[in-house]
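Colleague: Sequence and predicted structure, then a few things I'm wondering about:
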Amino acid sequence: MKTLIGVGVGPGDPELVTVKAVRVLRESDVVFVPVMGGPGPESPAAGRAETTIRAHIGPERIRRVAFALNDQGGLTPRRTSAWQAAASEVARAFEAGATTISFGTIGDPNLYSTFSYLAQTVRGMVRGVSVETVPGITAMQDLAARSAGMTGAGTVLAEGGESLVLLPLTGGAGALRDALGQPGTVVGYKLGAAAGPPPEEVRRLLAEAGRLDGAVVGSRLGLEGEDIRPAAELASLPAVPYLSTLIVPARREGVGSGLARPDGGAR
Ligand SMILES: C[S@@+](CC[C@H](N)C(=O)[O-])C[C@H]1O[C@@H](n2cnc3c(N)ncnc32)[C@H](O)[C@@H]1O
């Protein structure tokens, strides 16, 4: 029996790794982690998943695989050949006798994660492999918990009949504007990506939609250089790191207003 398990290890804080994730990582024969694949021969620095995992298990069973994590060009040959190469390493580890292999990934393995590409490629390569995932805490949950929203203790992602839209800001200004036009909560991932609108444009779109109140940005959560600030301050920043998340809370008027909202129905 060969099992490949995508293990979500949260956004960066080692305390936000679940008990199940730690057990699965400890019980795995090999733990693969992604590192930035560079063109040079120098060995890349530990990625965030690895750093988080090393707070819980020793380095002996951890192996790095390179991914074109910084590739901006969509489905590029560089990306697909990195998936092939990583999947071949996983296949070799199974051939060498491993029965349970984990792949550690930041946040959750089913949300914008390299794991889904790896899993599909491994499936095509290793006969009979079973693929599982262990959920992880996402960046939006961490930011919601640690920013001071209208309750004074966290930014509420959704209540009552409100909707929650999650979108990558690499989709451009139009997609963000459309989402802000709806009354529900909007979460923007990949805020600092080069392909997305710059910080001052994001702030302008929020202001135009009347959605600056309570909107918050968290960068490098749980990591060195962490920064959590109101989205209103985005205009003063020339750039934000790629690891930045935006939460724009739903339009709310008083306690329980989300219960009577048209975008869901009362519960
Ligand atoms: C490729 S996605 C990975 C998402 C991840 N699988 C999750 O479940 O949160 C990368 C985006 O996740 C968000 N993100 C992940 N880790 C973060 C962190 N430590 N601080 C802020 N945002 C983070 C950012 O929006 C970043 O651009």
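Modeller: That came in fine, so what should we check first? Residues are numbered from 1 along each chain as shown.
Colleague: anything in stretch 228-242 near the ligand?
Modeller: Yes: counting by CB under 6 Å from any ligand atom, the ligand has neighbours in stretch 228-242: Tyr242. Every residue, glycine included, has its C-beta placed from N, CA and C.
Colleague: Endpoints of that stretch, how far apart?
Modeller: 14 Å (CA to CA, to the nearest Å).
Colleague: Return the distance of it from the chain's centre.
Modeller: With CA atoms, centre = their mean, to the nearest Å as the basis, stretch 228-242 stands 19 Å off its chain's centre.
Colleague: Would you mind listing the buried residues in that stretch?
Modeller: 228, 231-232, 234, 237, 240 (16 or more other CB atoms under 10 Å).
Colleague: now do stretch 136-151
Modeller: So for stretch 136-151, counting by 16+ other CB under 10 Å, buried means 136-144, 146-147, 149.
Colleague: picking that back up, closest to Arg64 out of the buried residues of stretch 228-242?
Modeller: Arg64 has its nearest neighbour among the buried residues of stretch 228-242 in Val240, at 27.0 Å by CB to CB.
Colleague: By pLDDT, give me the weakest of the buried residues of stretch 228-242.
Modeller: Of all the buried residues of stretch 228-242, Leu237 has the smallest pLDDT value, namely 77.
Colleague: who touches that residue in this structure?
Modeller: Contacts for Leu237 (CB atoms under 8 Å, 6 or more residues apart in numbering) come out as 199-200.
Colleague: Which phi and psi values does the closest residue to the ligand within the stretch 1-150 of the chain adopt?
Modeller: Residue nearest to the ligand within the stretch 1-150 of the chain: Gly107 (2.0 Å; CB to the nearest ligand atom). Reported as degrees, to the nearest 10, the phi and psi values for Gly107 are phi 60, psi -130.
Colleague: State the distance from the closest residue to it other than its chain neighbours to Tyr112.
Modeller: Distances taken as CB to CB, 6 or more residues apart in numbering place Thr138 nearest to Gly107, at 4.6 Å, with adjacent residues excluded. Distance, Thr138 to Tyr112, using CB to CB, to the nearest Å: 9 Å.
Colleague: that older thread, tabulate the buried residues of stretch 136-151 (CSV), appending secondary structure, pLDDT and distance to the ligand.
Modeller: CSV is the format used below for those (DSSP: H, G, I helix; E, B strand; the rest coil; pLDDT from 0 to 100; distance: CB to the nearest ligand atom, whole Å):
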residue, secondary structure, pLDDT, distance to the ligand
Gly136, coil, 98, 6
Ile137, coil, 98, 8
Thr138, coil, 98, 4
Ala139, helix, 97, 3
Met140, helix, 97, 7
Gln141, helix, 97, 8
Asp142, helix, 97, 7
Leu143, helix, 97, 7
Ala144, helix, 97, 12
Arg146, helix, 92, 10
Ser147, coil, 89, 11
Gly149, coil, 61, 17
